[in-house]
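Chemist: Have a look at this fold, sequence not included:
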């Protein structure tokens, strides 16, 4: 299921990038589509712009829904998280006390002793 959703996510992402790049920019200097002739005379410039805007909206909704579905699939197998504010029986065991420091080894080489921290 996750593999299918990832493939759908990838296809929608690539299609969304292509549709956004085909749109005419505000200044009209960037964008490959939407010129005087439209797409080979198939659409008028206004119709092409409306079609690309509608396609962008549909692809954006599909991208959002596939992202949400991937998140839900990823979280499906995880245990439910509990709040730290809950004071029920799900509280963790108290922390173990810190172990006592080990005694220093005897100094066989006669090196100077380091004072112990206070």
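Modeler: Received the coordinates, thanks. Predicted, not measured: the structure shown is a model, and the values here were computed from it.
Chemist: other SSEs contacting the longest helix anywhere in the chain?
Modeler: Longest helix of the chain, by residue count under DSSP state H: helix 45-75. Using 3 or more Cβ pairs under 8 Å, 6 or more residues apart in numbering; DSSP states H and E, the elements in contact with helix 45-75 are helix 2-22. Any C-beta I mention is one placed from the backbone N, CA and C, and that applies to glycine too.
Chemist: tell me the mean pLDDT for the helix it packs on?
Modeler: Helix 2-22 shows a mean pLDDT of 94.
Chemist: From here on, call the first residue 643.
Modeler: Renumbered: residue one is now 643, and that last one reads helix 644-664.
Chemist: and the angle for it with helix 687-717?
Modeler: 150 degrees (axes from the mean of the first three to the mean of the last three Cα atoms, to 10 degrees).
Chemist: still on that earlier bit, so which bits of the longest helix of the chain are buried?
Modeler: By neighbour count with 16 or more other Cβ atoms under 10 Å, helix 687-717 contains the buried residues 690-691, 693-694, 697-698, 701, 704-705, 708, 711-712.
Chemist: Check stretch 651-659 too.
Modeler: By neighbour count on 16+ other Cβ under 10 Å, the buried set for stretch 651-659 is 651, 654, 657-658.
Chemist: and the residues you listed as a markdown table, adding distance to residue 759?
Modeler: Shown next, in a markdown table, are those (distance: Cβ to Cβ, whole Å):
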| residue | distance to residue 759 |
| --- | --- |
| 651 | 56 |
| 654 | 60 |
| 657 | 64 |
| 658 | 61 |
